[in-house]
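Asker: Below are the sequence and a predicted model; questions follow.
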Amino acid sequence: MLRETLCLLAIGAAALGCSSTDGRPGTNTTLCVPVDGGAPCRGIFGGPGGGATPTLDSGVTPGDAGTADAPALTVSGTLRLFQDLPPRTTRIAGTTGWTIRALPTLDGADAGADTALEATTGGAGEFTLAGVPPVATSPTTGLPSFWLAASFPVMGNLGSMFEVPAETRAVDLQAVTDDTLRTSLNAAGLVQADDRALIAVWVRESRVAGARSVEGVSLEADGQSSQTLYDAASGLMEPSGTGTGPLGFAVLPNVPVTSSGDGLVTVRGSRFTRPYAVRVRRQTVTWLVLTAS
């Protein structure tokens with residue numbers, strides 16, 4: 001996936017706070033999504049007081065550059081769930097018992113298979129993973145990163161996958177339950193195939209703190225067999241000829257996956273400066289931030 005000035009999915013390492021009043025992220029170096037009651041929120045990957053925001057440059061060719069010569073990491077964090085889609089509010093209640101798992105890099109011999117490292121979330125969605133595998137260059141952002149997955153089989157068979165910047169040690173993962181996602185798709189007349197993937201995207205002007213959401217961006221993944229859904233004025237996820245709404249949010253359902261069940265797909269946007277190579281996995285939602293002008 002490539003380089004340019006960041007946050008993806010990802011990507012900063014500190015999440016400060018944001019306003020929930022106008023769909024615009026605030027001072028958050030990663031993804032900042034409003035929480036209940038308009039209270040400050042944290043980013044997908046950064047807890048308060050996290051590290052510095054890395055920057056991207058646009059000269060990287062998509063594709064993993066190999067595993068960095070770095071020791072395994074100890075990572076702690078919290079899993080929160082969006083109450084609905086579009087993702088306006090989140091909650092912690094109900095995140096107990098989720099499995100958080102470290103994923104191998106795509107360039108490894110074990111690509112497509114989970115590592116043995118996993119943790120179970122506690123009463124407030126908290127978890128700690130000691131021994132996260134060494135990082136690799138992200139094919140999406142061109143930055144050193146590692147991957148985490150979240151799943152709760154009792155609620156359904158769709159998991160979530162997150163790319164995390166290498167320097168991050170406190171992560172705030174945000175996802176949805178299987179029921180929430182399928183209800184949103186069904187309301188739009190779509191059914192997710194079990195042998196395909198989904199991609200959830202926030203479109204921002206940049207990856208720096210305070211970047212605005214970008215409206216009017218149409219997105220599609222190569223080989224995608226269902227319409228892309230966007231945050232609509234109705235408060236639902238709907239297909240739209242004008243693209244993203246005030247939140248700059250889109251869901252790309254039924255994205256093709258290689259026979260191994262884990263691979264890359266190209267995502268194109270009407271206002272992207274370039275296509276993005278995005279990691280996808282069968283029966284899994286990839287959550288990320290992409291930039292557009």
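Answerer: Here it is on my side, so go on. Keep in mind that this is a model prediction, so the values were computed, not measured. Residues are numbered from 1 along each chain as shown.
Asker: Low-confidence stretches in the stretch 1-150 of the chain?
Answerer: Where the stretch 1-150 of the chain drops to pLDDT under 70, the residues are 1-72, 107-115, 134.
Asker: And Asp274, how far from Leu252?
Answerer: Careful, residue 274 is Arg and not Asp. Arg274 sits at a distance of 17 Å from Leu252 (criterion: Cβ to Cβ, to the nearest Å). In short, each C-beta sits where N, CA and C put it, glycine included.
Asker: Between these two, which has more neighbouring residues?
Answerer: Leu252 (24 against 12; other Cβ atoms under 10 Å).
Asker: which secondary structure elements does the helix or strand that the more buried one is a member of contact?
Answerer: Element membership for Leu252, per DSSP states H and E: strand 249-255. Where contact means 3 or more Cβ pairs under 8 Å, 6 or more residues apart in numbering; DSSP states H and E, strand 249-255 is packed against helix 178-187, strand 197-204, strand 219-221, strand 229-231.
Asker: change it to 7 Å
Answerer: Judged by 3 or more Cβ pairs under 7 Å, 6 or more residues apart in numbering; DSSP states H and E, strand 249-255 is in contact with strand 197-204, strand 219-221, strand 229-231.
Asker: Ok, which of the ones you listed comes nearest Gln283?
Answerer: Checking the helices and strands packed on strand 249-255 against Gln283 by Cβ to Cβ gives strand 197-204 as the closest, at 7.4 Å.
Asker: Just send the helices and strands packed on strand 249-255 back as JSON lines, with mean pLDDT and mean neighbour count too.
Answerer: What follows is the helices and strands packed on strand 249-255, written out as JSON lines (pLDDT from 0 to 100; neighbours: other Cβ atoms under 10 Å):
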{"stretch": "strand 197-204", "mean pLDDT": "96", "mean neighbour count": "26"}
{"stretch": "strand 219-221", "mean pLDDT": "97", "mean neighbour count": "21"}
{"stretch": "strand 229-231", "mean pLDDT": "97", "mean neighbour count": "26"}
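Asker: okay if I get those strands as TSV plus distance to Met161?
Answerer: Converted to TSV, the helices and strands packed on strand 249-255 look like this (distance: least, Cβ to Cβ, whole Å):
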stretch	distance to Met161
strand 197-204	9
strand 219-221	15
strand 229-231	19
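Asker: Okay, now the unreliable bits of the stretch 151-293 of the chain?
Answerer: In the predicted model, the stretch 151-293 of the chain carries pLDDT under 70 at residues 155-156, 209.
Asker: cutoff 80 now
Answerer: 153-156, 169, 207-210 (pLDDT under 80).
Asker: Could I get the full set of strands for it?
Answerer: 159-165, 170-175, 197-204, 219-221, 229-231, 237-238, 249-255, 262-269, 276-281, 284-291 (DSSP state E, counting those that start in this stretch).
Asker: The second one versus strand 159-165: what angle between them?
Answerer: Same thing as strand 170-175. 150 degrees (axes from the mean of the first three to the mean of the last three Cα atoms, to 10 degrees).
Asker: Report the strands that pair with strand 170-175, each with its relative direction.
Answerer: strand 73-82 (parallel) (DSSP bridges).
Asker: end-to-end on stretch 279-289?
Answerer: 13 Å (Cα to Cα, to the nearest Å).
Asker: got the buried residues for that stretch?
Answerer: Arg279, Val280, Arg281, Arg282, Gln283, Thr284, Val285, Thr286, Trp287, Leu288, Val289 (16 or more other Cβ atoms under 10 Å).
Asker: Surely the last one and Glu205 touch.
Answerer: Put plainly, it is Val289. No. Taking Cβ atoms under 7 Å as the definition, Val289 is not a contact partner of Glu205, at 10.8 Å.
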